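Peer 1: This is a predicted model, with the sequence first.
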Amino acid sequence: MTTSLQKTPGGASTGEPLLSVRDLTVAFTRRGEPDSVAVDGVSFDVAPGQIVGLVGESGCGKSVTSMAITRLLPARGVRVTGSAMMDGVDLLTLPEAEMRERRGRDLSMVFQDPLSSLNPVIPVGLQVTEVLTRHRGMKKEAARAEAADLLDRVGIPDPRRRLDSYPHQLSGGMRQRALIAIALACRPRLLIADEPTTALDVTIQAQILELLKDMVRDTGAALVMITHDLGVVAGLCETVNVLYGGRIVERAQRHRLFATPRHPYTNGLLGSIPRLDSPAGEDLVAIPGSVADNLPWASACAFAPRCPRAVGVCRTTTPEAETSGGRLLRCHNPVPATAE
Amino acid sequence: MTTLLQRKRKRVDDLAGGRSLTQEALRRLRRDPVALTGAAIVGLFVLVAVFAPLIAPYEATQSFPQLQQDLRPGSIPGPQEGFLLGSDQLGRDFFSRLVLASQQTLLVGVLATLIGLVVGMVIGTLAGAFGGWVDTLLMRVTDVLLAIPSLLLAISVAALFASPSQTSVIIAVSIVGVPIFARLLRGSMLAQRDSDHVVAATALGVRRPAVVLRHMLPNAIGPVVVQATLTLATSILDAAALSFLGLGDADPGRAEWGLMLAQAQALLEVRPALALYPAAAIIVIALGFTLLGESLREALDPKGSR
């Protein structure tokens, strides 16, 4: 534990970002067809120890963003441009061998489905020790002891026995705990969690989020939380990036975002959450339609067709990202700051 | 009363503890009459082959004057005291030859399948794990091999050898299996390549060879194991066919079912048993492996009824 704290650079105080993503664009290319752009010029920073949220509905490009940063997208048929600087090197142009060294050691991932993310034919313990021997050069026995310790720390009871369990012998929550233990085994400074609670039921979700929060605090890791669930964001993230159609449409501190959402999309998302204090029988506000497959950012706002506040200019001009007071907004006709 | 309760509790424990796929498959196999039949045939065959020298009363090449004196064109001595199935066309004990031949069949069948399995797995692993031009090249070669009918392929390969021998039969038969195993493994490796746990392992920086050998191969190998059981059947058939066609070991005195069948051809009217027994043996054993393989395939299919 102490080593992990030492490993964390004092960057937090200087404000130097740990990960700095600039103009990340991911396009899926197919011969004879126009490119399909999944992520379109996304930029954001993650400070050491910070928890940053990437929020949006299915297809908005949040998972593709994380896969692009970790270089897990297939090489063929995908074009990634922009940069993702970490420790002064661009992860996107790093040779594959060096990237393999960094994955799991400097940056790590937790995936959505804990069952399919674990190898079904290998005991859980081996999957933990595998990372330890790989990145920390531990011997077999030492790695096993450390693995038991890790499982214990993520709250898996009887960890020594669990080392020999196969993934299908664990419960869903237990599996996700094991995955978190594996991801944090080498004390990475950056953890990307891609919808880590989606496959779990609500009570387990809360436990896992609490665990993630504790673990990143203990190890000093920064966390990029990818989710479609604003409830998760509300309880966890300091800074929230709202994605729509592959672009960040709004970025703000958590409290400001929830208190005064400026982008109509964010506003709609918040409006669609059931509230305890709303009158009984009141309908939830839904955002009509769904994300279009093609990205009509070219000469319009992609959200305009579904936007209740759309005006003429939204359909003719692409809105530019404007930053004011630590808040980014990409909208021609934002919700007035005084709303709500 | 208590036993029922205990049994129920045991069942709940089983469910809670979870059973591995292998255990589940074994449980299903034990209840499947087809699998049991196949296993019984295969088990009996292996036992006979292993203990053949103890079961067979005489040597394969030993000829007996008391049989030879009754040998004349148009008459071969049948079953009699001391000779369970009578004589063959050269006055040797037919039963002993039939039993001892099972060793040849087992050896050739297993070795040919194993060699084909290993070579096919190497090709399939390389193609499935690396993709790209490696995949294209290897798969085009297997396409060519698959395009040739298996027996024709085995004959062609066997004919390449200057002098036919047991080794040439094994090699020829194993080459028939290679493209089947390679293609099958490549397919399931490809499916593994994009699976969540392989991406997850890659995201943890696990080295490429470890990802392929530890995370992809063990998950992809199931169908190949099933295929190996089925290929044992065809290997035995192909090996017998090669011997029948005179592409097997040149030694005419050797006890081997395919060869015995070929030699009995001219004597079908005199003593059909000489052809009947080896033919039946080949068919029954091929059937045994096929039944076992098919039910193994069904038992391992997670979509199968429980």
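Peer 2: Good, I have the coordinates. Note that this is a predicted model, so its numbers are computed, not measured. Numbering: from 1, shown residues only, chains lettered A, B, ... in the order given.

Peer 1: The longest strand seen in chain A pairs with which strands, and in what direction?
Peer 2: For chain A, the strand that runs over the most residues, judged by DSSP state E, is strand A:33-46. Applying DSSP bridges, strand A:33-46 is found paired with strand A:19-30 (antiparallel).

Peer 1: So what's the model's average confidence on the strand it pairs with?
Peer 2: With pLDDT averaged residue by residue, strand A:19-30 scores 92.

Peer 1: what comes up buried for the longest strand of chain A?
Peer 2: Neighbour counts over strand A:33-46 (16 or more other C-beta atoms under 10 Å in any protein chain shown) mark A:37-46 as buried. For glycine as for every other residue, the C-beta is placed from the backbone atoms N, C-alpha and C.

Peer 1: Check the average confidence over it, would you?
Peer 2: Mean pLDDT, strand A:33-46: 88.

Peer 1: In the stretch 51-200 of chain B, what residue comes closest to chain A?
Peer 2: The nearest approach of the stretch 51-200 of chain B to chain A comes at residue B:196, 3.9 Å away (C-beta to the nearest C-beta).

Peer 1: Not counting residues beside it along the chain, what's closest to that residue?
Peer 2: Excluding the flanking residues, the one nearest residue B:196 by C-beta to C-beta, 6 or more residues apart in numbering or on different chains is residue A:116, at 3.9 Å.

Peer 1: Wait, a strand at that neighbour?
Peer 2: No. Going by DSSP: H, G, I helix; E, B strand; the rest coil, the assignment for residue A:116 is coil, not a strand.

Peer 1: Just the local confidence number for the residue nearest to residue A:213 when sequence neighbours are not counted, please.
Peer 2: Distances taken as C-beta to C-beta, 6+ apart place residue A:236 nearest to residue A:213, at 6.2 Å, with adjacent residues excluded. pLDDT recorded at residue A:236 is 87.

Peer 1: Run through the residues of the stretch 151-300 of chain B sitting next to chain A.
Peer 2: Applying C-beta under 8 Å from any C-beta of the partner chain, we find that the stretch 151-300 of chain B lies next to chain A at B:195-197, B:199-208, B:210, B:214-215, B:218-219.

Peer 1: Show the buried residues in these.
Peer 2: Burial of these was assessed by neighbour count (16+ other C-beta under 10 Å); the buried members are B:195-197, B:199-207, B:214-215, B:219.

Peer 1: What residues does chain A have near chain B?
Peer 2: Residues of chain A lying near chain B (C-beta under 8 Å from any C-beta): A:70, A:72, A:100-105, A:108-109, A:111, A:113, A:116-122, A:130-131, A:134-135, A:166, A:168-169, A:179, A:182-183.

Peer 1: Which members of those residues are positioned in strands?
Peer 2: A:108-109.

Peer 1: For PyMOL, what selects the buried ones among the residues of chain A next to chain B?
Peer 2: Those of the residues of chain A next to chain B that count as buried under 16+ other C-beta under 10 Å are selected in PyMOL with:
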select buried, chain A and resi 70+72+100+102+103+104+105+108+109+111+113+116+117+118+119+121+122+130+131+134+135+166+169+179+182+183
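
Peer 1: Name the surrounding residues that touch stretch A:169-176.
Peer 2: For stretch A:169-176, contacts defined as C-beta atoms under 8 Å, 6 or more residues apart in numbering or on different chains pick out A:110, A:114-115, A:118, A:124, A:156, A:162, A:167, A:178, A:196-197, A:199-201, A:204, A:207-208, B:17-18.

Peer 1: hmm, 7 Å instead?
Peer 2: Applying C-beta atoms under 7 Å, 6 or more residues apart in numbering or on different chains, the set of residues contacting stretch A:169-176 from outside is A:114-115, A:118, A:124, A:156, A:167, A:178, A:196, A:199-200, A:204, A:207-208, B:17-18.

Peer 1: Which pair of these spans the longest distance?
Peer 2: A:196 and B:17 (26.1 Å; C-beta to C-beta).

Peer 1: more crowded one of these two?
Peer 2: residue A:196 (30 against 9; other C-beta atoms under 10 Å in any protein chain shown).

Peer 1: Okay, the residue in the stretch 151-300 of chain A positioned nearest to chain B and residue B:145: tell me how far apart.
Peer 2: In the stretch 151-300 of chain A, the residue that lies nearest chain B is residue A:169 (4.3 Å; C-beta to the nearest C-beta). Going from residue A:169 to residue B:145 by C-beta to C-beta, to the nearest Å gives 42 Å.

Peer 1: same thing with residue A:78?
Peer 2: Where residue B:145 is concerned, residue A:78 sits at a distance of 34 Å (C-beta to C-beta).

Peer 1: Same check on residue B:33?
Peer 2: Distance, residue B:33 to residue B:145, by C-beta to C-beta: 36 Å.

Peer 1: If you count surrounding residues, which of these two has more?
Peer 2: The residue with more neighbours, out of residue B:33 and residue B:145, is residue B:145; 18 against 9, by other C-beta under 10 Å.

Peer 1: what sits against that one?
Peer 2: Residue B:145 sits in contact with B:153, B:178-179, where contact means C-beta under 7 Å, 6+ apart.

Peer 1: Confirm it sits in a helix?
Peer 2: Yes. Assigned with three-state DSSP, residue B:145 falls within a helix.

Peer 1: Correct me if wrong: the residue nearest to residue B:196 contacts residue B:194.
Peer 2: No. Between residue A:116 and residue B:194 there is no contact under C-beta atoms under 7 Å: 11.1 Å.

Peer 1: picking that back up, pretty sure residue A:113 is one of the things the residue of the stretch 51-200 of chain B closest to chain A touches, is it not?
Peer 2: Yes. Contact criterion C-beta under 7 Å: residue B:196 and residue A:113 qualify, at 5.9 Å.

Peer 1: Just give me how far stretch B:199-212 sits from the chain centre.
Peer 2: 35 Å (C-alpha atoms, centre = their mean, to the nearest Å).

Peer 1: Regarding it, how distant is the last residue from the first?
Peer 2: End-to-end distance for stretch B:199-212, by C-alpha to C-alpha, to the nearest Å: 11 Å.

Peer 1: What lies in contact with that stretch?
Peer 2: The contact list for stretch B:199-212, computed with C-beta under 7 Å, 6+ apart, reads A:70, A:72, A:100-105, A:108-109, A:111, A:117, A:119, A:130-131, A:134-135, A:182, B:125, B:129, B:198, B:215.
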